[in-house]
Each structure stands twice: as structure tokens, then as C-alpha cells.
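# A predicted structure for the sequence below; I have some questions about it.
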Amino acid sequence: MVTDQSVAVATGSIWRQGAIAGAIAGVVNVVIWVVGNIAGLNWEVTQGGQTTDVLAFMPFISSFVPSLLSIVLLWVLLKAGRGSLWRPIIAVLALISVAQPILAAKETSTGLVLGVMHIVFGAVLIAMVKVPAKA
């Protein structure tokens with residue numbers, strides 16, 4: 001049975017876990033960016049008709065903020081008694097999101113590295129956030 005109290009207890013823990021997971025994924029993705037930069041990747045991507053460079057801080061922000069948004073999703077699922085759906089949803093979203101940087105990057109190698117960052121984000125989040133068995 002899902003109660004407001006049990007969801008509240010789980011929520012404090014999942015927010016902390018989500019923030020830590022997002023920070024770790026962000027740091028790993030910044031390291032990947034640095035290695036790619038040293039290797040000479042062209043970080044240009046085109047989105048909405050505008051070309052921009054992926055800057056060093058962007059992998060961190062692009063990991064941390066979505067991790068918090070994913071915790072909102074988990075909270076909603078827990079409230080509905082469907083927390084077990086969270087991991088599969090995050091896995092599917094991480095895999096689907098790989099296509100976006102591959103299509104947006106000017107160079108295929110850059111797109112593949114950015115795609116790896118999406119997989120890193122999903123894997124770290126799924127591994128680190130413990131979904132309560134029963135909220």
C-alpha cells in the first residue's frame with residue numbers, strides 16, 4: 001500500500017541519490033569531453049538550424065539537470081505505486097536519446113562520443129538510484 005508518509009520517506013532518499021548520480025555522470029561526461037577535446041574532436045552541433053559548440057561545462061549540466069527531472073518522474077511513479085517502471089523508462093529514454101547527438105553533430109566521431117555520454121548518464125542513474133521496493 002502506498003501512503004503519503006512512505007512516499008515522503010522515499011522521496012528524500014531518491015532526491016539525494018539522483019543529485020549524486022547526476023553529478024557523477026556529469027563529471028564522467030566532462031572527462032569524456034576533455035579526452036575528446038585532446039583527441040581533436042570538433043564539438044560543433046546543429047540544433048534548430050543553429051550551429052554551436054559543445055563547451056566543457058555542458059556535459060555536466062546536461063547530466064545533472066536531467067537526473068533531477070528523472071527523479072520527478074520517479075516520484076510520480078512512486079506516488080502511483082508504479083516505481084518499478086522507472087528503470088526501464090530511463091533505459092529506453094537513454095537509448096533513444098543517443099540518436100539526437102549523432103544526427104546533430106557535424107562529424108560522426110563527435111556524434112558517437114556524445115552518444116556515449118547519453119549512455120553513461122543512463123547507466124550511472126540506473127545503477128545509483130535505488131528504487132524503493134514498496135513506497
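That came through fine.
# What segments of this protein are helices?
If DSSP state H is used as the criterion, the helices of the chain fall at 4-38, 58-79, 86-97, 99-104, 108-128.
# Residue 131: what's it in contact with?
Counting by CB atoms under 8 Å, 6 or more residues apart in numbering, residue 131 touches 14, 74, 78, 83-84, 86-87. Every residue, glycine included, has its C-beta placed from N, CA and C.
# Buried residues in stretch 74-85, which are they?
74-75, 77-78, 83 (16 or more other CB atoms under 10 Å).
# got a list of contacts for stretch 15-27?
Here stretch 15-27 has contacts from 59-68, 70-71, 74, 120-121, 124-125, 127-130, using CB under 8 Å, 6+ apart.
# number of nearby residues for residue 35?
Residue 35 has 11 neighbours, counted by other CB atoms under 10 Å.
# For it, give its distance to residue 65.
23 Å (CB to CB, to the nearest Å).
# Ok, residue 29 next?
Residue 29 is 12 Å from residue 65, by CB to CB.
# So between those two, which is more surrounded?
Using other CB under 10 Å, the more surrounded residue of residue 29 and residue 65 is residue 29, with 25 against 12.
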